[in-house]
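1. I'd like to go over a predicted model; first the sequence, then the structure.
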Amino acid sequence: MGIDLASGKREAFSNFPLFFMPHPLHEISDEPLTDYGCGDTTCFNPLPGFHFGACGMTPVHRSLKRTVYSDVAVVLAVIFLEGSCTYTLKGETGASFAMEKNMFIVGRWYGQDIEVILPPQKGCSLVGFVTQESALEEYFGRGMSCDVHNSLRKVMKEKPGGMNTASGIARPDVIATARSILDIQREGLSDLLRFRCTVLDLFAKLFHNMAEVGAHPAVLLCESDRHRMAELKSAIEKDFSSVRSVADLCAGIGMSLSKANKAFKALYAISIAQYIQQCKMSYAYSVLVQRQLNVSECTFAVGYSNASHFITAFKKHFGITPKAVSRLRTKGRT
């Protein structure tokens, strides 16, 4: 089952439907009933004014285009686990954010039209939040609300025209938590407390991730360079364990290391070497939690010759040792 929608209507955030229990949309009908999609998709309001949605791997048959108006002050955060999408802020700046695998977008909007385009693709998987600012302060406290605002201001300091919006590569621990939500979803959503806590945990982790991105100078890239960066990113995701030289990797797309690294960081807020490392750690977490490899096997699978070095790097990313992860009880993919 997949998304087969071509809606272009304008919607308002205040009119979003409410689901106070996790709501798997595929149980309603074999056909899509709303623009929220269908298939392996769940909508949930863990708290009033706090909207959450998770979509497992779902084919997109036709282009989906929607315009949403922030008639109330909201904070949006979306993590793309697979697939692609484009967010465009309508108005004078027309800032556009192209989302790809392992990327996040965070925005703080009021009185803003946001156009969302989801192109046809073999599969799309994402996890996202929309929360009213009033709810953010009420449930998480003024400190958390101020942290979100300060993080956005910090990230956008050297990137004018972004309209309080930032994007970048999600940390491995953020991606792992997002995937665990899809696992809980597939298990039937019977453990509501676990689901609610994991959703709120992901929300907090994502904003800490955004705060770590920091500001970086805006770089204007031509369309061909953007395509080459996407090609480079995809090549890393497919074959990160065999990369021996970042310079050779860049040469493969016809760019110098210096130019490629500058362009890559402009688009993804992370260096090429850092992304290779993050892909290794994400893979390591996945195979360990599923017990496909033990710690020693995983060490060599991600290119480390020394287990202690691997353990140190892993713990830096996840705050937990590889051995502890391998003991976690899980079902399905994480």
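-> Ah, there it is.

2. What are the boundaries of the helices in the stretch 51-200 of the chain?
-> 133-156, 172-186, 192-213 (DSSP state H, counting those that start in this stretch).

3. so which of those is the most packed in?
-> Compared across those, helix 172-186 shows the largest average neighbour count, a mean of 22 (mean count of other CB atoms under 10 Å). (Glycine included, C-beta is placed from N, CA and C.)

4. just for the stretch 51-200 of the chain, where's the confidence low?
-> Scanning the stretch 51-200 of the chain for pLDDT under 70 picks out the ranges 92-93, 139-141, 143-145, 148-163, 188-190.

5. let's see 50
-> Across the stretch 51-200 of the chain, residues meeting the criterion (pLDDT under 50) sit at 158-162.

6. do the same with the stretch 201-334 of the chain
-> The model of the stretch 201-334 of the chain has pLDDT under 50 over residues 215-218, 330-334.

7. hmm, try it at 70
-> Within the stretch 201-334 of the chain, the ranges that satisfy pLDDT under 70 run 211-220, 329-334.

8. For it, which segments count as helices?
-> For the stretch 201-334 of the chain, applying DSSP H, counting those that start in this stretch gives helices covering 223-239, 246-251, 257-268, 272-289, 295-301, 307-318, 322-326.

9. Can you tell me who residue 68 pairs with across the strands?
-> Following DSSP bridges, residue 68 is listed with bridge partners residue 11, residue 114.

10. What is the neighbour count of it?
-> 23 (other CB atoms under 10 Å).

11. I'd assumed residue 116 was in contact with it.
-> Yes. Residue 68 lies in contact with residue 116 (CB atoms under 8 Å); the separation is 6.8 Å.

12. related to what we said a few turns ago, could you identify which of the helices of the stretch 201-334 of the chain is most buried?
-> Ranked by mean neighbours (mean count of other CB under 10 Å), the helices of the stretch 201-334 of the chain are led by helix 272-289, with a mean of 21.

13. packing partners for it?
-> Using 3 or more CB pairs under 8 Å, 6 or more residues apart in numbering; DSSP states H and E, the elements in contact with helix 272-289 are helix 172-186, helix 223-239, helix 246-251, helix 257-268, helix 295-301, helix 307-318, helix 322-326.

14. could the ones you listed be laid out in TSV, adding distance to residue 105?
-> Shown next, in TSV, are the helices and strands packed on helix 272-289 (distance: least, CB to CB, whole Å):
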stretch	distance to residue 105
helix 172-186	13
helix 223-239	16
helix 246-251	26
helix 257-268	12
helix 295-301	31
helix 307-318	21
helix 322-326	28
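
15. Outline the domain layout of the protein.
-> 10-213, 223-326 (automatic domain parsing).

16. Just give me how far the shortest one sits from the chain centre.
-> This means domain 223-326. Relative to its chain's centre, domain 223-326 lies at 17 Å (CA atoms, centre = their mean, to the nearest Å).

17. Report the beta-bridge partners for residue 79.
-> residue 104, residue 127.

18. what about it, how many neighbours?
-> By the criterion of other CB under 10 Å, residue 79 has 27 neighbours.

19. what sits against it?
-> Applying CB atoms under 8 Å, 6 or more residues apart in numbering, we find residue 79 in contact with 103, 104, 126, 127, 128, 170, 174, 175, 178, 202, 206.
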